[in-house]
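Chemist: Here's a sequence, model it:
(one chain, ligands or ions: 1)
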Amino acid sequence: MNIFNRRDFLATSAGLLAAPLLAADSPKPDFTFALCTDTHLGKPGADYVKRMRQTVAEINASPAELTIFCGDLVDSGETEARQKLYPEWVDIAKELKKEYTAVPGNHDPVEMFKKHIRKETEGVLEFKDYRFLTFADAEPNPGHLGVVTPEQIKWLQARLDEAKKKSQRVVLAAHVIYHENKHPDVGWYIKTGRAEFAKLLAANKQIVAFFGGHLHCGLRGWSDTFHGIHEVILPCVSYNRDRMLQNAPGFAIAESRPAWVLVDVFPTELVLKYKPVGADIAAEKKLALK
Ligand SMILES: [Fe+2]
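Modeler: Residues are numbered from 1 along each chain as shown. A predicted model of the protein is given here:
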C-alpha cells in the first residue's frame with residue numbers, strides 16, 4: 001500500500017506548491033499529457049461550465065501535449081434539457097491548444113456523443129513511443145457497470161498488435177475501470193465481456209496503464225492484476241467524495257478537491273500530479289514502468 005497525502009507532500013516538498021507546474025530544476029520528462037474526467041456540465045450545485053473553462057485554461061498553461069476526457073461530459077445527458085450542453089462542451093474543449101479526445105460515460109448517450117463529440121467512440125492517439133487507446137465501456141444511466149463487446153475486443157487487439165510492431169507502450173482510457181474495486185470501494189467495474197477483456201489485458205504486456213473516471217473518489221489506483229498494469233481512477237473535475245480509502249488496498253490520495261491530472265512520462269515511471277482546479281499541484285503519485 002502506498003499512501004501519499006497532502007500533509008506529507010507539503011512536509012517533504014516545501015516550496016513546490018508555489019512553483020510553476022514544471023520546475024526549472026526538475027528532470028525533464030519525455031512528454032506530458034493531461035487527464036480530465038467527469039465534467040458533468042449542467043449538474044446543479046456548482047457552475048461546472050465555468051469550472052471546465054478554467055480547467056481548459058489551466059491545461060493550456062501546462063506542458064500537456066494532449067488531453068483525454070474520460071466520460072460523463074454532461075450530467076444526465078439522456079434528458080433533453082441537458083443535451084444543449086454538448087455543443088457547449090465542444091466549444092470549451094476546442095479552446096485546448098493541443099489535441100484532445102474523449103470517451104462517453106454513463107451520463108453520455110452514445111448518439112449524443114457521436115453527434116457532437118466524435119464520430120467514433122473508439123480512438124487512437126499516438127505521441128512519441130506511446131499509443132493511447134480510448135473506448136466506450138459504460139452502460140448508460142441508470143447503469144453503473146462496464147461493458148466491453150466482442151467487436152471492441154477485436155478492435156483493441158488489432159490496435160495493440162500495431163503498437164507491438166511499433167514497440168509502443170499502450171495506455172488505455174475509458175470511463176469504467178476493469179479492477180473489481182470491491183468494498184470499501186463502490187464495485188463499478190467492467191462486468192460484461194469481463195473474461196475476454198481479462199484475456200486481452202493478460203496477453204498484451206505493452207499495456208502499462210488503464211485510466212478511468214466514474215467513481216468520484218479522487219485519485220485512486222491498483223497495480224495488482226496481470227502483469228502489474230496500473231489501473232487508475234482519476235479525480236473528477238466536478239466533484240469527489242472522500243470515501244476514506246486510505247487503508248484500502250492499492251493507493252488513495254487524501255484529496256477530494258475537484259481536479260484534473262497531469263502525467264509526466266519518464267522512461268521508467270509515470271508521475272501523476274493531482275491538480276486541483278484553481279490551486280497548485282497538491283500531490284503526486286509515481287507509477288513504476290517495467
Ligand atoms: Fe460521473
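Chemist: Quick one: the helices in this structure, in order.
Modeler: Remark: helices assigned in the chain by DSSP state H are 6-12, 48-60, 80-83, 85-93, 110-112, 150-165, 194-203.
Chemist: so can I have CSV of these showing mean pLDDT?
Modeler: Formatted as CSV, those follow (pLDDT from 0 to 100):
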stretch, mean pLDDT
helix 6-12, 37
helix 48-60, 98
helix 80-83, 96
helix 85-93, 98
helix 110-112, 97
helix 150-165, 98
helix 194-203, 98
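Chemist: how about JSON lines for those helices, with mean neighbour count and distance to residue 134 added?
Modeler: Using the backbone N, CA and C atoms, a C-beta is placed for each residue, glycine as well. Listed next are these as JSON lines, based on neighbours: other C-beta atoms under 10 Å; distance: least, C-beta to C-beta, whole Å:
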{"stretch": "helix 6-12", "mean neighbour count": "13", "distance to residue 134": "30"}
{"stretch": "helix 48-60", "mean neighbour count": "19", "distance to residue 134": "17"}
{"stretch": "helix 80-83", "mean neighbour count": "13", "distance to residue 134": "22"}
{"stretch": "helix 85-93", "mean neighbour count": "18", "distance to residue 134": "14"}
{"stretch": "helix 110-112", "mean neighbour count": "15", "distance to residue 134": "14"}
{"stretch": "helix 150-165", "mean neighbour count": "15", "distance to residue 134": "10"}
{"stretch": "helix 194-203", "mean neighbour count": "15", "distance to residue 134": "15"}
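Chemist: need these in CSV with distance to the ion, can you?
Modeler: As requested, the helices of the chain are arranged in CSV below (distance: least, C-beta to the ion, whole Å):
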stretch, distance to the ion
helix 6-12, 23
helix 48-60, 11
helix 80-83, 13
helix 85-93, 14
helix 110-112, 15
helix 150-165, 21
helix 194-203, 21
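Chemist: wait, which of these is closest to residue 178?
Modeler: Between residue 178 and those, the shortest gap by C-beta to C-beta is with helix 194-203, which sits at 6.3 Å.
Chemist: what comes into contact with that closest one?
Modeler: With C-beta atoms under 8 Å, 6 or more residues apart in numbering as the test, helix 194-203 has contacts from 148, 150, 153, 156-157, 160, 178, 190, 207, 210, 225-227, 229.
Chemist: Report the two of these separated the most.
Modeler: Spanning the widest gap among the contacts of helix 194-203 are 150 and 227, at 23.2 Å by C-beta to C-beta.
Chemist: ok so, going back, in CSV: the helices of the chain, plus distance to residue 141.
Modeler: Shown next, in CSV, are those (distance: least, C-beta to C-beta, whole Å):
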stretch, distance to residue 141
helix 6-12, 33
helix 48-60, 17
helix 80-83, 11
helix 85-93, 15
helix 110-112, 12
helix 150-165, 20
helix 194-203, 21
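Chemist: Taking the protein, what residue is nearest to the ion?
Modeler: Using C-beta to the ion, the closest approach of the chain to the ion is made by residue 72 at 3.5 Å.
Chemist: okay, now that residue: neighbour count?
Modeler: 29 (other C-beta atoms under 10 Å).
Chemist: Phi and psi next, for it.
Modeler: Residue 72 has phi and psi values of phi 50, psi 60 when expressed as degrees, to the nearest 10.
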